[in-house]
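K.L.:
Got a sequence here, can you build the structure:
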Amino acid sequence: MKEALRVVIGSGASPHNRGWLHTEESELNLLHEEEWSRRFRAGSLEAILAEHVWEHLTYEEGVQAARNIYPYLSPGGYIRCAVPDGYFPDEAYQNIVQVGGPGPLDHPAASHRIVHNYITLRNMFIAAGYEVKLLEYCDASGHFHYNQWDEEGGFIYRSKRFDHRNTEGKLGFVSLIVDAVKA
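P.N.:
Got it, this is the predicted structure:
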C-alpha cells in the first residue's frame with residue numbers, strides 16, 4: 001500500500017482533510033502496533049488527526065496508543081487530537097459527553113471511557129514522549145482559551161471556529177484540542 005503522509009483516525013464519512021488517508025478502527029487500530037508497522041515505515045508520517053477518538057480509550061490505553069504512533073511520525077510530526085472538554089461549563093454538554101454516554105447503548109457517547117480536561121490529556125501525551133501545544137481548551141474555572149491554529153494542519157469541525165452550534169460569540173459546543181508533537 002502507498003503510504004500517506006497524513007492520516008485521519010476514525011474519520012467516518014468526513015468530507016474534510018482532502019488528500020489525507022481516512023481510516024476506521026477496523027482498518028487501523030490505535031492499540032495494535034503491528035497494524036501500524038505493516039502499513040507505515042518509521043518516520044514516514046507528518047500528521048495524525050483524531051477528532052473525538054481518544055475519549056473511547058482509557059487513560060492507559062491513550063498513552064499506549066500515543067506510544068504506538070510515535071515511531072511512525074517524522075521528527076516534528078504531530079497528532080492533532082480533539083476530545084470533549086471536561087472543564088466546559090455546560091451541564092447539557094457534560095451530560096452528553098459523560099463516561100458511558102447519556103442513555104441508549106446506540107448513542108455514540110455510550111463507549112466513552114474518559115472525559116479529559118487539558119491537564120489529563122496533556123499529561124497522557126507527555127507520558128508517551130510528546131511535547132504538547134494546547135490549541136483550544138477550558139481551564140479549571142471554565143474559562144475558554146483559544147490559540148490560533150491552521151485547519152490545513154488538520155480540520156476539526158467540533159471547534160470554536162467551525163461548529164455550527166457556536167454562533168454570535170456564544171460557545172455551544174467546544175472540544176479540547178491539542179497538537180502532540182514528536183520531540
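K.L.:
Where does pLDDT dip in this structure?
P.N.:
Along the chain, segments meeting pLDDT under 70 span 1-4, 12-14.
K.L.:
Now do the helices in it.
P.N.:
In the chain, the helices defined using DSSP state H lie at 33-39, 59-69, 91-97, 118-127.
K.L.:
quick one: which of these is nearest His112?
P.N.:
Across the helices of the chain, the minimum distance to His112, taken as Cβ to Cβ, is reached by helix 91-97, at 6.5 Å. The C-beta positions use only the backbone N, C-alpha and C, and glycine is treated the same way.
K.L.:
Can I get the helices of the chain in JSON lines including distance to Gly172 and mean neighbour count?
P.N.:
Formatted as JSON lines, the helices of the chain follow (distance: least, Cβ to Cβ, whole Å; neighbours: other Cβ atoms under 10 Å):
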{"stretch": "helix 33-39", "distance to Gly172": "36", "mean neighbour count": "14"}
{"stretch": "helix 59-69", "distance to Gly172": "26", "mean neighbour count": "19"}
{"stretch": "helix 91-97", "distance to Gly172": "8", "mean neighbour count": "15"}
{"stretch": "helix 118-127", "distance to Gly172": "20", "mean neighbour count": "19"}
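K.L.:
Cool, thanks, signing off.
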